[in-house]
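Novice: can't give you the sequence, but here's the structure:
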């Protein structure tokens, strides 16, 4: 197993409070049988601050997907109406009660079986809700 998992954050420590597509950056972790490691920080080039009017906009989903090219799993506290579009490209993991990225990484590891199952489901995948 080898997966790239991105967590949306505004400060590099906590999951962002808004929809994951509104994060200022994404911390990218490589997961393998041997563990996980932070391998990259990707700036959200589509983030401009107050974009509340753009929630659900198909162009916003495309912009988020382009920033996260080659990512398998997208993790965040909240997903907006674009989750249906994002599921075409990613396994979407919702952690509504998680505060920090470290908790999100641990929760992803603990639920890897479900994540891999959804990745293998292809276009029939559904989002996963985890309450660590």
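Specialist: Happy to help now that I have it. All figures in this text were calculated on a predicted structure; none of them were measured in a lab.
Novice: can we go C-alpha only for contacts and neighbour counts from here?
Specialist: Will do.
Novice: can you give me phi and psi for the residue nearest the centre of the chain?
Specialist: Closest residue to the average C-alpha location of the chain: residue 74 at 1.9 Å, with CA atoms, centre = their mean. Geometry field for residue 74 lists phi and psi as phi -120, psi 130, criterion degrees, to the nearest 10.
Novice: from what I see, it and residue 89 are in contact.
Specialist: No. The pair residue 74 / residue 89 is not scored as a contact, 9.4 Å apart, by CA atoms under 8 Å.
Novice: tell me the helices and strands packed up against the helix or strand bottoming out on mean pLDDT in the chain.
Specialist: One helix or strand of the chain scores below all others by mean pLDDT, DSSP states H and E: helix 58-67, with a mean of 79. When contacts are defined as 3 or more CA pairs under 8 Å, 6 or more residues apart in numbering; DSSP states H and E, helix 58-67 packs onto helix 83-86.
Novice: in terms of secondary structure, what does the helix or strand following the helix it packs on contact?
Specialist: Per DSSP states H and E, the first helix or strand lying C-terminal to helix 83-86 is strand 91-94. Strand 91-94 is packed against strand 73-76, helix 112-120, strand 128-129, with contacts defined by 3+ CA pairs under 8 Å, 6+ apart.
Novice: ok, 6 Å please
Specialist: Counting contacts by 3 or more CA pairs under 6 Å, 6 or more residues apart in numbering; DSSP states H and E, strand 91-94 packs against strand 73-76, strand 128-129.
Novice: check contacts around the nearest residue to residue 30 once chain neighbours are set aside.
Specialist: Spatially, and ignoring its direct neighbours in sequence, residue 30 is nearest to residue 4 (4.7 Å; CA to CA, 6 or more residues apart in numbering). Taking CA atoms under 6 Å, 6 or more residues apart in numbering, we find residue 4 in contact with 29-30, 71-72.
Novice: rerun that using 7 Å as the cut-off
Specialist: By CA atoms under 7 Å, 6 or more residues apart in numbering, residue 4 lies in contact with 28-31, 71-73.
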